[in-house]
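In: this one's structure only:
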């Protein structure tokens, strides 16, 4: 019924955590983002931002043909609404959750992603010290936002476990690599330990998309092709009328 076009990154794992928590059947459709699968014409029909994940529901509640949803936050809201779990629908409860889902999509994810990007830039591209400091500081600030939010409540949106928690957790799973001292953020740590112990979170974080690629099998020509495809992207031309 549900196809998840997926690669095991934090954005993909948000959705697999929710699917595991819901206990519903789903099918993984691998999208090897390192190879550039997200740029194929077929994929762009369901993922117009050439990113993953994308969910395709073959049995939407309203009937009709398959329904596709792109952007991980939208996918999580769609699934939570479809199955009636982890997203309250009263106005106050709904928007208590919504604002944190949007916070994650607009702040935590992009800033943490930029931190990772600039920490890996080859020195041949010039001095990255400002960008590295900028995004290191932003990621540290994000942990502070979560810590301050969690000092007086068990979950991000209040008393109940919701998609707000599931969407934020995968981007914090590698906190050590992000240079974070967990001792600074005791309320965040309590929440993180609770999240990490949930069986569905463990299962969702472990979902793969086929065997890992052996870097030794990638030719220099293929590496060059991927570099040109994946970096310094500019607008794609619209289809001819």
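Out: Perfect, thanks for sending it. All of these numbers come straight from a predicted model, not from anything done at the bench.
In: All the strands of the protein, in order from the start?
Out: 2-6, 27-30, 54-57, 67-70 (DSSP state E).
In: centroid residue for this protein?
Out: The chain has residue 11 as the residue nearest its centroid, 1.4 Å off, counting by C-alpha atoms, centre = their mean.
In: Next one: the closest residue to that residue other than its chain neighbours relative to residue 106, how far apart?
Out: Spatial nearest neighbour of residue 11, chain neighbours left out: residue 72 (4.7 Å); criterion: C-beta to C-beta, 6 or more residues apart in numbering. Where C-beta positions appear, they are placed from N, C-alpha and C, glycine not excepted. Noted for residue 72: a distance of 12 Å to residue 106, by C-beta to C-beta, to the nearest Å.
In: higher neighbour count, these two?
Out: Taking neighbours as other C-beta atoms under 10 Å, residue 72 and residue 106 compare with residue 72 leading, 27 against 11.
In: so what's the more buried one up against?
Out: Applying C-beta atoms under 8 Å, 6 or more residues apart in numbering to residue 72 gives the contacts 11, 12, 14, 15, 53, 105, 167.
In: Tell me how far it lies from residue 3.
Out: Residue 72 is 15 Å from residue 3, by C-beta to C-beta.
In: Can you show me the helices along the chain?
Out: In the chain, the segments counted as helices under DSSP state H are 10-22, 41-44, 72-83, 91-103, 109-120, 129-150, 163-168, 186-196, 199-205, 220-230.
In: Of all those, which one is nearest residue 238?
Out: helix 41-44 (11.8 Å; C-beta to C-beta).
In: helices or strands up against that closest one?
Out: If you count contacts as 3 or more C-beta pairs under 8 Å, 6 or more residues apart in numbering; DSSP states H and E, helix 41-44 packs onto no helix or strand.
In: any idea of the mean pLDDT in that helix?
Out: Throughout helix 41-44, pLDDT has a mean value of 93.
In: Next: stretch 137-154.
Out: Stretch 137-154 comes out at a mean pLDDT of 98.
In: Show me what counts as buried in that stretch.
Out: Going by neighbour count (16 or more other C-beta atoms under 10 Å), the buried part of stretch 137-154 is 138, 139, 140, 142, 143, 146, 147, 149, 150.
In: do the same with stretch 204-222
Out: Under 16+ other C-beta under 10 Å, the buried positions of stretch 204-222 are 204, 205, 207, 209.
In: Pipe those residues into JSON lines and attach distance to residue 36 per row.
Out: As requested, these are arranged in JSON lines below (distance: C-beta to C-beta, whole Å):
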{"residue": "204", "distance to residue 36": "25"}
{"residue": "205", "distance to residue 36": "25"}
{"residue": "207", "distance to residue 36": "21"}
{"residue": "209", "distance to residue 36": "15"}
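In: Contact partners for residue 229?
Out: Residue 229 sits next to 36, 39 when contact means C-beta under 8 Å, 6+ apart.
In: Can you give me the neighbour number for residue 124?
Out: By other C-beta under 10 Å, 5 other residues sit near residue 124.
In: Renumber starting at 72 from here on
Out: Renumbered: residue one is now 72, and that last one reads residue 195.
In: I appreciate the help and will end here.
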